[in-house]
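Visitor: build me a model from this:
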Amino acid sequence: MQLHLDQMSWEGFRRSAAQKRVVILPVGSLEQHGPHLPLGTDTIIATAIAERAAKRTGSIVAPPISYGFKPQPGSSGGNTFPGTCSLDGWTLTLLVRDLVRELVRHKVRGILILDGHYENSLFLNEGVDLALRDMPKGNRVKVVIVRWFELIPNTVFVKLFGSSFQGMALEHASKVETSMVMALNPKIVQKGKMRNDAPRRRENYTVLPENRDFIPRTGVLSTVFPSSETIGEQLLDYAVGRVALIVRSEFAE
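Guide: Next up, the predicted model:
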């Protein structure tokens, strides 16, 4: 069974839609993830979770949206690092709107959007809302938006990382993402450049233009250690299991 939408023929996709297979759309970003992780980390992780969950559930994986909304200093280290290429919120909103519209036009009735970038959230919601708002009454399409990093309880992170885990809000380019990319493709992790870091200031408010005191020098928001392929695989497996459960429960006949 073909899992990837872009590798199907139009006839194969028509059959898949008729079989009511769910389409999983991964959404990430192209942004700095410290000196040791690739710019596409969010997309790499979201796509891998989508592919593994699709294998368990017979779903289809759409080509990912590899760009996201602008990284914010307190959650992603800011938008100023070289290579970080971001979308305006309205652009992301319309992109999601159009993709949902197109999938529904081709008779897809179940869509799961799998978000891997913290700042995307409200724009994904808005895009789906705009797409559904204009559809005829009685349309039975269902869209579920999932953020993989919210599926894993803090107790799991604490069990794996101990006291070094300070909450997902500080895990950008840190040990969670580093471990998961290690598990997926250790060759693209530059282990010799792994460093713990933190911004000079943390506040519960936003300052614009961006204040460099809120942005760590390396772009890493907290501790990179301990990171390992083993831990990363456990995190991936947990997230995949939760996504598969959501697909089965939310799109059951």
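Visitor: for the residue nearest to the spatial centre of the chain, list the residues it contacts.
Guide: For the chain, residue 116 is the residue whose C-alpha lies nearest the centre (Cα atoms, centre = their mean; 1.3 Å). Counting by Cβ atoms under 8 Å, 6 or more residues apart in numbering, residue 116 touches 26-29, 42-43, 45-46, 49, 147-149. For every residue, glycine as well, the C-beta is placed using N, CA and C.
Visitor: a markdown table for these, including pLDDT, distance to residue 214 and neighbour count?
Guide: What follows is these, written out as a markdown table (pLDDT from 0 to 100; distance: Cβ to Cβ, whole Å; neighbours: other Cβ atoms under 10 Å):
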| residue | pLDDT | distance to residue 214 | neighbour count |
| --- | --- | --- | --- |
| 26 | 98 | 29 | 26 |
| 27 | 98 | 25 | 32 |
| 28 | 98 | 23 | 24 |
| 29 | 98 | 19 | 31 |
| 42 | 98 | 20 | 33 |
| 43 | 98 | 25 | 23 |
| 45 | 98 | 24 | 27 |
| 46 | 98 | 26 | 30 |
| 49 | 98 | 29 | 28 |
| 147 | 97 | 23 | 18 |
| 148 | 97 | 25 | 25 |
| 149 | 95 | 21 | 22 |
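Visitor: from the residues you listed, which land in strands?
Guide: Mapping the contacts of residue 116 onto strands (DSSP state E) picks out 26-27, 147.
Visitor: how about the helices in the stretch 101-250 of the chain?
Guide: 121-133, 154-161, 175-184, 229-250 (DSSP state H, counting those that start in this stretch).
Visitor: contact partners of the third one?
Guide: If I follow you right, that is helix 175-184. Where contact means Cβ under 8 Å, 6+ apart, the residues beyond helix 175-184 that reach it are 33, 36-38, 41, 44-45, 48, 149, 157, 161, 164-165, 168, 171, 188-189, 194, 222-233, 235-236.
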